[in-house]
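Asker: what would the 3D arrangement of this be:
(one chain, ligands or ions: 1)
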Amino acid sequence: MSASNPAVRRLADWDAARLRDLRETHGSPLYVLDLDRVRANYRRLARAFPDADVRYAAKANTLGRVLTALGEAGVGIECASAGEVARALDALEGTVDDPGERVQYTAVNPPAGDLDTVVELWREYPGLTTTVGAADTLDRLAERGYDGRLCVRVNPGVGAGHHEKVSTGAEPKFGVPYDRATDVLADAADRGFDVVGIHAHAGSGISGDDLAAHRELVARMGDLARDAPVPLEFVDVGGGFGVPYRPEEAPLDLDAVADATREALGDVDAQLAVEPGRYLVADAGVLLTDVNTVKVTPETTVVGVDAGMTTLLRPAMYDAYHELRTLAPDAGERGTVAATVTGPICESSDVFCTDRELPAPERGDTLAVGNAGAYGYEMASHYNSRPRPATVTVEGGEATLARRRETLADVTRLEA
Ligand code: LLP
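Answerer: As a prediction, this is how the structure comes out:
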């Protein structure tokens, strides 16, 4: 991959002085998101999948500036809720000719209010596509008068991903059973829906080791597409393209994934669609957090930082590894210690890492947490009455406060 657009951006590649400066100006904890890197990630993906329609899985990071930047680059947006659909349409308004055509709503056990809202938005944006994962949802859409573009999500029976909690492909919750898919497609067409596609998603954080699972998923989708009772406009094989979280981990060989996809789909006469989330935004973001407490104990050195599981949930929820870097200018001259970095939340799972070798931390240091652009702010919460942090975007060397830091008033705002 070209030097100007490397396949991975490691935490070490970020300019420490610049990050310290952003921390100085905007406080801690702080999410920093490089929109140029988001665009570069898309260009790399588009080169590997030149014929695919790329639909960004907004759930990874719904910041309006991300949605607009990707929309401008020609990316569609895959949405998991009515809220995401509304935000996507809003971000694409004025950016593309017909925002509805670029938005796909993947209805997972959709609450009634979501269907009400999406159907209302569809009347305004009839190009919008709704993906259903249960025959039930067809009834509920019909009741609301929806007869627009429809895609059927299939349970491909193969799952993959970085953790069992994100392997969706074989979970009955997602998609109609594979053997029933043809009937559901036929039924939907009979009932007057504009059937345009089929969809499946194996899981999130797919690595090179999962290539066989991906190949199998795509092959099954190919078989289904060839037998489809109606002509299909697209076959959407989901997202899940992984990124390396550990410093020694190699990047996913995207060309190998693309080749496997093309081979398996072969002669299928429908456009390929993919739905990357993490791949586009993960390494475009870091989380900055200050060290509050350094406590030497017989077992380990406990390093308390001001971000916690309420800021970045992934380590607590999936035991996810995130690289940490001390931004202090003299970090390289310090000896290292085995550090257990913890947040301020009253939960034992509020730990970023255990016994990791780090330059001896000092109170007042700022640490950078790598790969925080995907599923970071999105999964943040107010637990322990913690206001959520600010987000700064960086673009062409310019930093902009994209979302202000919350205050306690934001946390209590909705109380009667
Ligand atoms: N399409 C569908 C239908 C999905 O459910 C997802 C993710 C994606 C695309 C995008 O997957 P990605 O390319 O980002 O891996 N919170 C977890 C990840 C959950 C993903 C849920 N669905 C994490 O932090 O690892």
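Asker: use CA for all of it now, contacts and neighbours both
Answerer: Will do.
Asker: how about the residues of the stretch 151-300 of the chain near the ligand?
Answerer: By CA under 6 Å from any ligand atom, the part of the stretch 151-300 of the chain that sits against the ligand consists of 166, 201, 204-205, 238-241, 275-279.
Asker: same check on the stretch 301-416 of the chain?
Answerer: Proximity of the stretch 301-416 of the chain to the ligand is assessed by CA under 6 Å from any ligand atom, with 314, 375 identified as the residues in range.
Asker: where does whichever residue of the stretch 301-416 of the chain sits closest to the ligand land in three-state SS?
Answerer: The ligand sits closest to Y375 of the stretch 301-416 of the chain, with a gap of 4.7 Å, by CA to the nearest ligand atom. Secondary structure for Y375, judged by DSSP: H, G, I helix; E, B strand; the rest coil, is coil.
Asker: so how far is K59 from it?
Answerer: To K59, Y375 is 7 Å away according to CA to CA, to the nearest Å.
Asker: any idea how far D290 is from the residue nearest to E323 when sequence neighbours are not counted?
Answerer: Using CA to CA, 6 or more residues apart in numbering and skipping residues adjacent in sequence, the residue nearest E323 is G370, 5.1 Å away. Relative to D290, G370 is positioned 15 Å away (criterion: CA to CA).
Asker: if you count what's nearby, which of those two comes out ahead?
Answerer: G370 (26 against 23; other CA atoms under 10 Å).
Asker: isn't the more buried one up against L287?
Answerer: Yes: G370 is in contact with L287 according to CA atoms under 8 Å; the separation is 6.9 Å.
Asker: after the helix or strand that contains D290, next one along is what?
Answerer: Assigning secondary structure by DSSP states H and E places D290 in strand 285-296. Using DSSP H and E, the next helix or strand after strand 285-296 towards the C-terminus is strand 301-305.
Asker: okay, now the sheet partners of that next one, with direction.
Answerer: Partner strands and pairing direction for strand 301-305 (DSSP bridges) are strand 285-296 (antiparallel), strand 336-342 (parallel).
Asker: which parts of the longest one are buried?
Answerer: By neighbour count with 16 or more other CA atoms under 10 Å, strand 285-296 contains the buried residues 285-294.
Asker: what sits up against that strand?
Answerer: Contact partners of strand 285-296, identified using CA atoms under 8 Å, 6 or more residues apart in numbering, comprise 11, 19, 23, 28-34, 301-307, 361-374.
Asker: can you tell if stretch 97-110 touches the ligand?
Answerer: No: if you take CA under 6 Å from any ligand atom as the test, stretch 97-110 misses the ligand, and the best it gets is 6.5 Å.
Asker: all strands of the stretch 101-250 of the chain, in order?
Answerer: If you assign secondary structure with DSSP state E, counting those that start in this stretch, the strands in the stretch 101-250 of the chain sit at 103-107, 129-132, 149-155, 176-177, 194-199, 234-236.
Asker: and for the stretch 301-416 of the chain?
Answerer: Ranges of strands within the stretch 301-416 of the chain are 301-305, 324-326, 336-342, 351-359, 366-369, 390-395, 398-403, based on DSSP E, counting those that start in this stretch.
Asker: highest mean neighbour count out of the ones you listed?
Answerer: strand 366-369 (a mean of 26; mean count of other CA atoms under 10 Å).
Asker: that strand pairs with which strands, and in what direction?
Answerer: Within its sheet, strand 366-369 is paired with strand 285-296 (antiparallel), strand 324-326 (antiparallel), according to DSSP bridges.
Asker: contact partners of that strand?
Answerer: The contact list for strand 366-369 (CA under 8 Å, 6+ apart) reads 11, 20, 23, 286-291, 322-328.
Asker: what's the spacing between that strand and its chain's center?
Answerer: The chain centre lies 21 Å from the centre of strand 366-369; the measure is CA atoms, centre = their mean, to the nearest Å.
Asker: CA atoms only for it, dumped as PDB, please.
Answerer: Taking C-alpha atoms only, strand 366-369 is exported to PDB below (Å, rounded to 0.1, in the frame of the first residue of the first chain):
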ATOM      1  CA  THR A 366      -1.700  12.700  29.300                       C
ATOM      2  CA  LEU A 367      -2.200   9.300  27.800                       C
ATOM      3  CA  ALA A 368      -3.400   8.700  24.300                       C
ATOM      4  CA  VAL A 369      -5.600   5.600  23.700                       C
END
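Asker: start the count at 46 instead of 1 going forward.
Answerer: With 46 as the first residue, the last one maps to strand 411-414.
Asker: pLDDT of that strand, averaged?
Answerer: Mean pLDDT, strand 411-414: 98.
Asker: find the closest residue to the ligand in the stretch 46-195 of the chain.
Answerer: Distance from the ligand to each residue of the stretch 46-195 of the chain (CA to the nearest ligand atom) is smallest for A102, at 5.0 Å.
Asker: now that residue. Its backbone dihedrals?
Answerer: Dihedral angles of A102 (phi, psi; degrees, to the nearest 10) stand at phi -80, psi 100.
Asker: with the one 5 residues further on instead?
Answerer: The phi and psi torsions at T107 (degrees, to the nearest 10) take the values phi -100, psi 10.
Asker: tell me which residues touch it, please.
Answerer: With contacts taken as CA under 8 Å, 6+ apart, T107 has the following neighbours: 129, 132, 423.
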